[in-house]
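J.: give me the fold of what follows.
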Amino acid sequence: MPKIFSDPEAIAEDIIRDVGTNLVVGLPLGLGKANHIINALYARAAADRGINLTFFSALTLEKPVPSNLLERRFITPVIDRLFGRYPDLAYAPALHAGALPPNVQVIEFFFLAGRWLHVPFAQQHYISANYTHASSYLLARGLNVVAQLVAKRVVDGVARYSLSCNTDTTLDVLRARGQGKAAFKLVGQVNSELPFMPGPGDLPAQQFSAVLEGPATEFPLFAPPAEPITDTKYAIGLHAAGLVRDGGTLQIGIGQVGDALAQGLIVRHRDNAQFQSIMKRLSPAAELSTDLQTGSFEKGLYGVSEMLFEAFLGLIDAGIIKREVDGVVLHGAFFLGPQSFYRALRTMAPEQIARIEMMPVSFTNELYGDEDTRRRARVDARFVNNAMMATLLGAAISDGLEDGQVVSGVGGQYNFVAQAFALAGARSILTLEATRSAGAKIQSNIRWTYGHETIPRHLRDIIITEYGVADLRGKSDADVIAAMLGITDSRFQDELMRQAKDAGKLPKNFEIPAGCRDNHRERIVDALKPARKAGLLPTFPFGTDFTEVEQRLIPALQVLQDAQRMPQRLAGLLWRGLIHTPDASDSECLARLGLDKPATWPERAYRALVSAALARSRAG
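T.: As a prediction, the model looks like this:
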């Protein structure tokens with residue numbers, strides 16, 4: 001049975017006594033990190049240079065950091081409310097500052113998006129890896145400790161521990177240990193807020209060498225609030241929702257597109273006519289594709305996704321995810337979400353939670369091992385994941401930049417693309433916004449070429465922007481380029497077409513169809529406005545931890561953020577705000593930011609800007 005500790009320093013000493021001074025510690029991706037144990041090990045190594053400590057991990061979670069006065073006044077109360085008692089990981093600030101002790105290494109294979117750009121140590125020690133390969137790399141480095149947050153349950157007087165949010169790589173390395181291919185200590189930290197999840201991650205106490213538990217080491221789970229879904233993200237999600245077949249299989253990546261896709265499926269399931277109407281408005285100049293799926297989900301979907309998040313529960317509640325595979329409707333490998341999501345899992349009835357099973361990432365992301373069974377289960381699979389950019393020839397850029405800087409990581413994206421080509425009837429769907437802001441400039445996310453790629457062009461399949469669907473599988477280069485131009489923002493179509501023609505990849509007489517020449521944001525906003533007003537496409541379809549006042553402020557702050565790139569627009573907002581008298585609703589918002597009684601000229605300017613932005617956001 002495991003040794004039980006209530007003091008983090010004591011369990012750290014026990015680990016060093018058992019394992020020695022050369023520590024290779026595996027930390028679960030994201031939520032499942034045993035923060036108190038990690039910090040105690042880090043403190044011991046920082047104090048004793050005779051200890052060599054390596055943390056191998058992914059997705060180090062950190063509280064948001066505001067960058068200006070408005071952000072600070074908006075987000076600080078949210079941080080205090082949601083993360084106030086969350087214990088920061090001690091290695092993170094040292095890593096940002098380039099001040100890790102020389103005997104400590106932090107190696108990650110997936111970053112919190114954008115968080116570690118231009119941090120030399122993090123960039124230099126990043127390992128580019130498919131999610132399914134991470135466990136083998138960890139074992140090859142001599143893994144001797146796994147420190148994981150766990151849920152606890154006592155059954156007939158005997159303790160059991162659930163790997164809960166992170167069965168992903170832990171179950172894979174435990175399998176290797178069981179086969180005699182690895183020797184490491186599994187150390188747990190109990191957290192009472194963590195849901196006890198069914199499946200192979202429900203472990204007997206004997207699997208653990210030591211467990212930390214007690215009131216002093218309890219903490220609220222890291223719970224990022226749901227992001228508001230923009231019109232652009234809704235358009236992308238709706239296009240993807242029209243590609244999902246009833247009776248099929250669904251995987252979704254994290255983020256606004258995933259939420260938008262799920263809400264699109266719910267609208268489609270509950271009101272076919274409304275869904276078709278929305279889709280016609282999104283593509284007014286073209287006939288809807290014969291492959292567009294608009295029917296309700298009579299057979300239902302089976303979910304198999306490395307990441308489980310709140311939108312999946314919404315799909316279960318809506319009666320969409322209901323196709324069972326061995327009594328289970330949804331298999332996941334890790335989860336992360338808002339407090340309401342964790343609460344829903346904790347309080348779910350036993351017969352309901354039994355239909356959701358957490359599995360190793362080798363199960364969700366691959367077909368190897370019991371392949372025939374997995375193939376039969378994953379019928380008409382749709383694997384939907386995000387990209388940052390794509391080329392006209394269909395390559396996708398999802399994890400890094402052409403100068404070598406890593407934004408996030410490959411994660412499971414390549415795994416799911418490979419599955420899409422290995423499974424009959426399956427498709428890989430990569431989604432991206434057509435443009436992005438770079439200072440005061442707008443740039444196309446569809447490029448002629450780019451000096452880095454995550455998914456090569458020979459694995460091109462379906463790419464979606466807010467302007468439509470480009471079906472690229474099995475197409476010639478010229479046809480692929482034509483399809484990609486059709487979903488490109490119209491401001492960039494001519495130059496990209498010229499580049500393709502100059503390279504001899506498009507006929508000189510090729511013309512972009514007239515129906516694709518109105519690819520402007522305004523068209524998308526207008527197309528979705530009726531559905532937005534009807535409540536079919538809410539900003540937070542699956543709830544939010546933001547207050548009502550904060551929800552009113554979010555679009556206004558987005559207006560201000562956009563205006564900062566254009567000095568004339570910012571000056572116009574300032575003038576309108578100075579002559580505008582806030583109503584009662586606006587006054588609440590101004591008070592929330594501490595701008596109801598401005599005492600300085602900067603505060604008066606911010607008050608005017610926020611007041612004008614609130615009026616602009618209401619007007620749409």
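J.: contacts for the longest helix along the chain, please.
T.: For the chain, the helix with the greatest residue count under DSSP state H is helix 601-619. Contacting residues not belonging to helix 601-619 are listed as 69-70, 552-553, 555-560, 563, 570, 573-574, 576-578, 580, 582, 585-586, 589-590, 593-595, 598 [CB atoms under 8 Å, 6 or more residues apart in numbering]. C-beta: built from backbone N, CA, C; applies to glycine.
J.: select only the buried ones of the residues you listed in ChimeraX?
T.: Typed into ChimeraX, the line below selects the buried ones among the contacts of helix 601-619, using 16 or more other CB atoms under 10 Å:
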select :70,552,553,555,556,557,559,560,563,570,573,574,576,577,582,586,589,590,593,594,595
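J.: one step back: and the longest helix of the chain, average pLDDT?
T.: Averaging pLDDT along helix 601-619 gives 88.
J.: chain center to it: distance?
T.: Its chain's C-alpha centre lies 31 Å from the corresponding centre of helix 601-619 when counted by CA atoms, centre = their mean, to the nearest Å.
J.: so for that helix, what gets flagged as buried?
T.: 606, 607, 608, 609, 610, 611, 612, 613, 614, 615, 616, 617.
J.: with only the CA atoms kept, save it in PDB.
T.: What follows is the C-alpha trace of helix 601-619 in PDB, where atoms were taken according to Å, rounded to 0.1, in the frame of the first residue of the first chain:
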ATOM      1  CA  TRP A 601      -6.700  62.200 -17.500                       C
ATOM      2  CA  PRO A 602      -5.800  58.700 -18.500                       C
ATOM      3  CA  GLU A 603      -8.800  57.400 -16.600                       C
ATOM      4  CA  ARG A 604     -11.000  60.000 -18.300                       C
ATOM      5  CA  ALA A 605      -9.700  58.900 -21.700                       C
ATOM      6  CA  TYR A 606     -10.300  55.200 -20.900                       C
ATOM      7  CA  ARG A 607     -13.800  56.000 -19.700                       C
ATOM      8  CA  ALA A 608     -14.600  57.700 -23.000                       C
ATOM      9  CA  LEU A 609     -13.100  54.900 -25.000                       C
ATOM     10  CA  VAL A 610     -15.000  52.200 -23.100                       C
ATOM     11  CA  SER A 611     -18.200  54.100 -23.300                       C
ATOM     12  CA  ALA A 612     -18.000  54.500 -27.000                       C
ATOM     13  CA  ALA A 613     -16.900  50.900 -27.500                       C
ATOM     14  CA  LEU A 614     -20.000  49.700 -25.500                       C
ATOM     15  CA  ALA A 615     -22.300  51.700 -27.800                       C
ATOM     16  CA  ARG A 616     -20.400  50.300 -30.800                       C
ATOM     17  CA  SER A 617     -20.600  46.700 -29.600                       C
ATOM     18  CA  ARG A 618     -24.400  47.000 -29.000                       C
ATOM     19  CA  ALA A 619     -24.900  48.300 -32.500                       C
END
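J.: show me the contacts of helix 601-619 that map onto strands.
T.: In this view, those have no member that belongs to strands under DSSP state E.
J.: mind checking which of the contacts of helix 601-619 are in helices?
T.: When DSSP H is applied, these are split such that 69-70, 552-553, 555-560, 563, 570, 573-574, 576-578, 585-586, 589-590 fall in helices.
J.: looking at the protein, which helix or strand does the model trust least?
T.: Taking mean pLDDT, DSSP states H and E as the measure, the helices and strands of the chain show their lowest mean at helix 567-579, namely a mean of 86.
J.: which parts of stretch 432-443 are buried?
T.: Neighbour-count burial for stretch 432-443 [16+ other CB under 10 Å]: 432, 433, 434, 435.
J.: about what we covered before: which helices and strands does the least confident helix or strand of the chain pack with?
T.: In this structure, helix 567-579 packs against helix 548-563, helix 601-619, with contacts taken as 3 or more CB pairs under 8 Å, 6 or more residues apart in numbering; DSSP states H and E.
J.: contacts for stretch 538-545, please.
T.: Around stretch 538-545, the neighbours that count as contacts under CB under 8 Å, 6+ apart are 78, 81-82, 223, 225-226, 228-229, 259-260, 262-263, 266, 310-311, 313-314, 338-340, 546, 551, 554-555.
J.: rewinding a little: dump the buried residues of stretch 432-443 to JSON lines, plus distance to residue 203, secondary structure and pLDDT.
T.: Below are the buried residues of stretch 432-443 laid out as JSON lines (distance: CB to CB, whole Å; DSSP: H, G, I helix; E, B strand; the rest coil; pLDDT from 0 to 100):
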{"residue": "432", "distance to residue 203": "39", "secondary structure": "coil", "pLDDT": "97"}
{"residue": "433", "distance to residue 203": "41", "secondary structure": "coil", "pLDDT": "98"}
{"residue": "434", "distance to residue 203": "46", "secondary structure": "coil", "pLDDT": "98"}
{"residue": "435", "distance to residue 203": "47", "secondary structure": "strand", "pLDDT": "97"}
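J.: can you redo those residues as CSV with distance to residue 138?
T.: Formatted as CSV, the buried residues of stretch 432-443 follow (distance: CB to CB, whole Å):
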residue, distance to residue 138
432, 31
433, 34
434, 38
435, 38
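J.: closest one of those to residue 104?
T.: The closest of the buried residues of stretch 432-443 to residue 104 turns out to be residue 432 (CB to CB; 36.7 Å).
J.: what count of nearby residues applies to the nearest residue to residue 30 once chain neighbours are set aside?
T.: Among residues not flanking residue 30 along the chain, residue 59 sits closest, at 4.2 Å (CB to CB, 6 or more residues apart in numbering). By the criterion of other CB atoms under 10 Å, residue 59 has 23 neighbours.
J.: what's the answer for the one 5 residues further on, then?
T.: Per other CB under 10 Å, the neighbour tally for residue 64 reads 14.
J.: that one against residue 75, yeah?
T.: Yes. Assessed by CB atoms under 8 Å, residue 64 is found in contact with residue 75 at 5.6 Å.
J.: tell me the domain boundaries of this protein?
T.: In the assignment given by automatic domain parsing, the structural domains of the chain cover 3-217, 231-523, 548-619.
J.: which residues in the stretch 101-250 of the chain form strands?
T.: Ranges of strands in the stretch 101-250 of the chain, per DSSP state E, counting those that start in this stretch, are 104-108, 145-155, 158-162, 185-190, 202-204, 210-212, 249-252.
J.: kindly report the same for the stretch 301-450 of the chain.
T.: If you assign secondary structure with DSSP E, counting those that start in this stretch, the strands in the stretch 301-450 of the chain sit at 302-308, 330-335, 356-358, 381-386, 389-391, 396-397, 427-431, 435-438, 441-444, 446-447.
J.: re the thing from before, include distance to residue 19 when you put the helices and strands packed on helix 567-579 into TSV, please.
T.: Formatted as TSV, the entries for the helices and strands packed on helix 567-579 read as follows, by distance: least, CB to CB, whole Å:
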stretch	distance to residue 19
helix 548-563	46
helix 601-619	54
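J.: so which of those helices is nearest residue 487?
T.: Minimum separation from residue 487 across those (CB to CB) falls at helix 548-563, 22.4 Å.
J.: relative orientation of that closest one and helix 601-619 in degrees?
T.: If you take axes from the mean of the first three to the mean of the last three CA atoms, to 10 degrees, helix 548-563 sits at 100 degrees to helix 601-619.
J.: give the other helices and strands that helix 548-563 contacts.
T.: Using 3+ CB pairs under 8 Å, 6+ apart: helix 548-563 touches helix 69-83, helix 567-579, helix 584-592, helix 601-619.
J.: hmm, who's touching it?
T.: Helix 548-563 is contacted from outside by 70-71, 74, 78, 228, 437, 539-540, 544, 546, 569-570, 573, 585, 588-589, 592-593, 609-610, 613-614, 616-617, using CB under 8 Å, 6+ apart.
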